[in-house]
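In: need a structure here:
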Amino acid sequence: MKQFTEDNLVEQPAIKLFQELGFEYQNHYQEKFGSEEERNEINDVVLVRQLRESLAKLNPNVSAEAIELAIEELTKSRANLDLVQANKEVYDLIKNGVKAEVTGENGDREIERVKVIDFENPENNHFYLASQLWVAGDMYKRRADLV
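Out: Have a look, this model is predicted:
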């Protein structure tokens, strides 16, 4: 009877397929939170360490300051916006990159654009699949099968 579960019929075959497509995979069911782990708290929805590494790889000529500013912009709360506006903002950042105002070598402020996804060379992107990812919000705690 155990063979007819959602895990066996849907989740595990999907994980296998994503791995065959080159995705890194990790099960987060018993994830521990803290400084050496991926997330500090259960309400963190972005895997910041992986985001930082990916942004640095995609933007080798961009300053570390610009990378950190891009992470701040990508992860900031948009809870006060309506869903359409919040989605539009994030879509624009993903599509066009994040503009980061940094201090240049001569002390002047300059804009650096941080690419979030390499659409021209998809193999440069980091593809990651998380299963059993717990996320807590203001009202509920949920566990996503696959993200």
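
In: output the longest helix belonging to this protein.
Out: Longest helix in the chain by number of residues (criterion: DSSP state H): helix 83-96.

In: buried residues in stretch 47-58?
Out: 47, 51, 54-55, 58 (16 or more other CB atoms under 10 Å). Just so you know, the C-beta spots here come from the backbone N, C-alpha and C atoms, and that holds for glycine as well.

In: same thing with stretch 71-90?
Out: Neighbour-count burial for stretch 71-90, counted by 16+ other CB under 10 Å, picks out 71, 73-74.

In: pLDDT value on residue 79, please?
Out: We have a pLDDT of 88 for residue 79.

In: what's the pLDDT at residue 82?
Out: 95.

In: switch to numbering from 26
Out: Okay, using 26 as the starting number, the last item reads as residue 107.

In: so who does it touch?
Out: Contacts for residue 107 (CB atoms under 8 Å, 6 or more residues apart in numbering) come out as none.

In: how close does it get to residue 74?
Out: 31 Å (CB to CB, to the nearest Å).

In: list the contacts for the spatially most central residue of the chain?
Out: Nearest to the mean C-alpha position of the chain, by CA atoms, centre = their mean, lies residue 71 at 4.7 Å. Counting by CB under 8 Å, 6+ apart, residue 71 makes contact with 99-100.

In: that one belongs to a helix?
Out: No - in this structure, residue 71 is coil, not part of a helix, as judged by DSSP: H, G, I helix; E, B strand; the rest coil.

In: quick check, pLDDT for it.
Out: 90.

In: same check, this time on the one 3 residues further on
Out: Among the per-residue scores, residue 74 shows a pLDDT of 88.

In: just the element for it, please.
Out: Per DSSP states H and E, residue 74 falls inside helix 73-83.
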